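Engineer: predicted model and sequence below, questions to follow.
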Amino acid sequence: MEEFAALLDALIYTASRNRKLALIADYLRAAPDTDRGWALAALTGGLDFPAVKSSTIRNLMMERVDPVLWALSRDFVGDTAETASLLWPEPKSQAPQGDLSLADVVTRLSALTRAAAPKELPGLLDRLDAKGRYALIKLATGGMRVGVSARLAKTAFAQAFDVAVDAVEEYWHALAPPYGELFDWAAQGGPAPDLADVPHFRPFMLAHPLEGGEVDLADYAAEWKWDGIRVQLVRAGGETRVYSRSGDDISATFPELLEVLAFDAVLDGELLVRGTAQGGEAGGAASFNALQQRLGRKAVSAKMLREFPAFVRLYDVLIAEGEDHREQPWESRRATLEALMDRLPASHFDLSTLVAADDFAQLAAIRETARDEAIEGLMLKRRDSRYLSGRKVGLWYKWKRDPLLIDCVLMYAQRGSGKRSSFYSDYTFGCWADDPDAGADLLPVGKAYSGFTDEELKKIDRFVRQNTLNRFGPVREVERKLVFEVAFDSVHASKRHKSGLAMRFPRIHRIRWDKPAHEADLIASLRALVKD
Amino acid sequence: MTAPFAWIRPEPWGIHIVPADIWVDPSRPVPRALVTHGHADHARGGHGATFATPATLAIMKLRYATSDGAVPVEYGESIALGGGVSATFLPAGHVLGSAQILLEHAGERVIITGDYKRAPDPTCEPFQVTPCDIFITEATFGLPVFTHPPIAEEIGKLLKARSDNPEACVLVGAYALGKAQRVIAELRAAGHTDTIWLHGAMEAMCHLYEEHGVPLGDLRLVGDAGKDEMRGSIVVAPPSALNDRWSRRLPDPVTAMASGWMRVRARAKQRGVELPLVISDHADWNELTATIAAVNPQETWITHGREEALLRWCQLNQRRARALALVGYEDEDD
C-alpha cells in the first residue's frame, strides 16, 4: 500500500505528462501482479466500493474528532479524504505488523457491506500513515483526482511493457480488474487474450472540432451530427450488447435492441427515439430531451418502450461476420454498411444519410438550417480514413452550429473542490421573470463552472466575496449585478429549475463587467428558444 | 480602581499599552513601538522609537536602511516603559532575534508571543515557557490538520530529490528571512557541504545571519553562475520567484517549497509545487495547544490565523479565550 500511496502522491504533484507516464510505468513494472492490476483499475476508474461513502468516513471522524474542529478543518482543506487522513488519530498501541498490500485492501473493501464498513475501516486505517490513509479513503470512496485519465494510465501501461496502446484499448473492455490476462500478455510475453466470442466494446473513432477551417468536399463526406447518444452495437457468440461512448454497457436500458441484430457485427451509430424533431416527419427522431426519458434506467416499463421507442441511426461498420473493416477506407466501409441495411430491420435501424453539397459554401448554408431541425451540426469525414481509435488529426471533424447565447445575472456562487477549494467557482445564474425595472425578480436558469480563465476566476471570486448577501454553507448569495453571457447548445422544458427551463451544456462565454444587470435577458427570450 | 487588564487594549492595527502609550507590532507608524521580530508584517518602518532585540533591529536596518530611534533590548532584559509598565524580551524560537514580550503592570503579567515555534532551530534561541496571566498567542497554523513533521524528514526528501536529479537542480522556495537560513543550516547539519545557490534577494539576509553567528557554508549567487554549474545542486529563492521568469536561467528545476501550508495538497498544487516540504517557523497545532497548556494562563487571547479552531480547543478544555481581530498579519508564504 505504501508504494501505491507514494504513486498517488507523486502524481498529484507532477504536472508534466511525460513524468506522470514514467511514474505510472515504473510502478507497474515494479509492483507485484495483483497489486499492479488493482492499481491500474483504480487509475482508470474501474473500481467501485458501494459500501463506503464519503458520509461513512465523515461519521467515523465524528466519533473521533470534535465536530466543530472537523468542520473548520474540512472547510480549509477542501477535501474529505485528505482532512480525514490528516485528522485520523494515530493508534496508541503498536499496529499489527506486516505491510498491508493494495490487493489486501481491495479484497477487504470489496467484501464490505454498508453495515460492516464502519466497523472494519478503522482497523485498516490504523495500519497506515497519513499518506496511506489518504490513498485508502480515495480508493474506497472513488474519484482519485490525481490528474490521470484512463487513457493516460493505459498509455503508461503500454509504455511500461512496450506494447501498442491501441492493442491495450482493443482488449481492455473485455477484461476485468485485476487484468491478469492483460499482464500475462504484456508483461510476461504470454498469448494475447482470445476474445472472438465475447461481445466487447471497441474504442470509438472520434472527431476534432472544425475551428474556422475549411475542407475540400472532394476529400471529405458530410453527414448530419444527430443529437442523441453515440452507441456501439456489438453481437458476438450469439449475444448482443449496447455500449455508450465511454464503453459502459447500457444493454439493459435498451432491451428492444438486443434481439434485432441477426448476424455477428460491430456497428457504430446514434441512438435516438422516434419522433419528428430531427430529420422530419417520416422516420424522424425526437429531440434529445425525449431520449433523456430513457437514459439511466435499469428497468424499462412497457409504457416507456411504447412511448419512446429507440432505434439506431447507423454511421459506420467496424466488423461484420468475422471480417474486420477498420483498416478499410471510410468510403469502402460506407458501401459495406449500405449493403448490410437490407438485413437490418427498419423498425430499429436506419442509415445516417449523407449531406450533398457542391462546395463548402453551400454546405455552410445547409448547416445554418440545422437549428430548425434541432440537429447539432455536421460531421466531416475524410473519405479515405481508416477507423482508428480516439481523435486523430485531420480525419474526422465535427462542425457544430454556433452556440446559443443569452445574458444572465449571477445569483449564487459555490466554492469548488480540490484545486479550486479556495475559490467560488460554481455559478448559478438567472434571467428576469419579467421587466426588472417594474420590480420583477430573477429566476435561476442554469449552473456553470467552466468557460473562464484562471485570471477571470480570481476576479469573479473577489466579486463574490465583496458582494455577498447571504451564506448557506459553501454557497454565497450575491448582489444581483454581475452579468454573464452564457453559451449553451440548446434549451428544454424541465422541472429541475423554478423557471421551468434547463440548458444543455451551459458555460460562461463572456463576463460582462460593463453591462448593468437590468439589461440581462428575460425568461421569455430563453423560452422562445425551446425546440421540444 | 480600573478593571483588570484594562491597561492593555487590542486595536485592529496593533496592541496598545495605554499607561505607557506604546504599541506592540503596530501596522501603522506610531511614536513608540515594541517589535517582536523582523518580518515585514510585524516590523513596519517609520516609528519614532523602536524597542527590539539587537538582531531584530539589525534586520530592520537592512530592510529600511535606517536605525533612527532604535532602542536595543537584550533577551531577559527588563526595561521600564513609563506609566508603571515594564517589558521583558524573551526568546520566541521563530527567527533570528524573535522575541515574546512580557509586559508587567500593577502585578498583572501579559505575554505577547508575536510568532513562535517550539521545534528546534539552529538559527535562533529556543522558545522559553514563562508563566503569565494573559497569553496572547498567534494561530497561523491553528487547525488540527497542521502538524509539522520533524525537519530531518523533510530535509531528507530534499536531499533525495537532489540526488535523484543529477542533471537538474532542486529549486526551494523559502521565505527570505528565517526559513531560507534555517533550511540551509539544516542541510549543513545533515552533511550537505556543496555550494548552495542563492537568489539575489537572499544574499544580504544570509550575510546578516552569518554575522550573528549562524554559519551557512558555501553560498553563491545564481546570477554569477552558468546553467551547467548548477546541475545536481540546490537553489534557494523567495517563493515569489518560483514561477517567475527568473527561474528560466536554472537547469530544469524541480520546484520545492518549504512551508507549513504544504501539508495541504491543494495549497501545494495551487502554487505548482512538485516537492512540498512541510517546514514552518510557526507552531503547529500540537505546539500551540501544548504551549497554552504549559504556560497555563488565566486567559488566552488569539491574534491572527485560524483563531476559530484554537478558540474551540480552549473552550473544550475549559480555558478562557478570546479572538482579537488584528489586521495585516496573514502570512501566505510561511
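Structural biologist: That came through, no problem. None of these values were measured; they are calculated from a predicted model. Residues are numbered from 1 along each chain as shown, chains lettered A, B, ... in the order given.
Engineer: how close does residue A:439 get to residue A:369?
Structural biologist: According to Cβ to Cβ, to the nearest Å, residue A:439 and residue A:369 sit 41 Å apart. For every residue, glycine as well, the C-beta is placed using N, CA and C.
Engineer: okay, those two: which has more neighbours?
Structural biologist: residue A:369 (10 against 7; other Cβ atoms under 10 Å in any protein chain shown).
Engineer: identify each buried residue in stretch B:118-126, please.
Structural biologist: Using 16 or more other Cβ atoms under 10 Å in any protein chain shown as the test for burial, stretch B:118-126 gives B:118, B:119, B:121, B:123, B:124, B:125.
Engineer: need the max-distance pair from the residues you listed.
Structural biologist: The span of the buried residues of stretch B:118-126, defined through Cβ to Cβ, is set by B:118 and B:123 at 14.9 Å.
Engineer: check contacts around the residue lying closest to residue A:327 once chain neighbours are set aside.
Structural biologist: With sequence-adjacent residues excluded and distances taken as Cβ to Cβ, 6 or more residues apart in numbering or on different chains, residue A:327 is closest to residue A:386, at 5.6 Å. Contact partners of residue A:386, counting by Cβ atoms under 8 Å, 6 or more residues apart in numbering or on different chains, are A:326, A:327, A:328, A:329, A:330.
Engineer: tell me the pLDDT of residue A:96.
Structural biologist: For residue A:96, the pLDDT comes out at 61.
Engineer: my bad, should have said residue B:274
Structural biologist: pLDDT, read off for residue B:274, is 92.
Engineer: burial of it, as a residue count?
Structural biologist: Around residue B:274 there are 21 residues (other Cβ under 10 Å).
Engineer: now it, what are its backbone angles?
Structural biologist: Dihedral angles of residue B:274 (phi, psi; degrees, to the nearest 10) stand at phi -90, psi -30.
Engineer: ok, the one 5 residues further on next?
Structural biologist: In this entry, residue B:279 is assigned phi and psi values of phi -130, psi 120 (degrees, to the nearest 10).
Engineer: tell me the contacts of the nearest residue to it once chain neighbours are set aside?
Structural biologist: Nearest residue to residue B:279, sequence neighbours excluded (Cβ to Cβ, 6+ apart): residue B:258, at 4.1 Å. Residues near residue B:258 by Cβ under 8 Å, 6+ apart: B:154, B:172, B:173, B:174, B:179, B:183, B:277, B:279.
Engineer: ok, the fifth one - contacts?
Structural biologist: Residues near residue B:179 by Cβ under 8 Å, 6+ apart: B:258, B:259, B:279, B:281, B:334.
Engineer: would you map the helices across the stretch 201-334 of chain B?
Structural biologist: Taking DSSP state H, counting those that start in this stretch to define them, one finds helices in the stretch 201-334 of chain B at B:203-211, B:265-270, B:285-295, B:307-316.
Engineer: quick check: which of the ones you listed is nearest to residue B:130?
Structural biologist: helix B:285-295 (7.0 Å).
Engineer: and the closest one, does that touch chain A?
Structural biologist: No: shown here: helix B:285-295 not in contact with chain A (Cβ under 8 Å from any Cβ of the partner chain), separated by at least 9.4 Å.
Engineer: give the buried residues for that helix.
Structural biologist: Those would be B:285, B:287, B:288, B:289, B:291, B:292, B:295, for helix B:285-295 by 16+ other Cβ under 10 Å.
Engineer: out of those residues, who's nearest residue A:108?
Structural biologist: Using Cβ to Cβ, residue B:285 is the member of the buried residues of helix B:285-295 that lies nearest residue A:108, at 31.1 Å.
Engineer: what's the burial count for the closest residue to chain B within chain A?
Structural biologist: Nearest residue of chain A to chain B (Cβ to the nearest Cβ) works out as residue A:86 at 4.2 Å. Counted by other Cβ under 10 Å, the residues lying close to residue A:86 total 19.
Engineer: what helix or strand is the closest residue to residue A:287 other than its chain neighbours on?
Structural biologist: Distances taken as Cβ to Cβ, 6+ apart place residue A:277 nearest to residue A:287, at 4.2 Å, with adjacent residues excluded. Residue A:277 belongs to strand A:265-278 when assigned by DSSP states H and E.
Engineer: and that strand, how far from the chain's centre?
Structural biologist: 20 Å (Cα atoms, centre = their mean, to the nearest Å).
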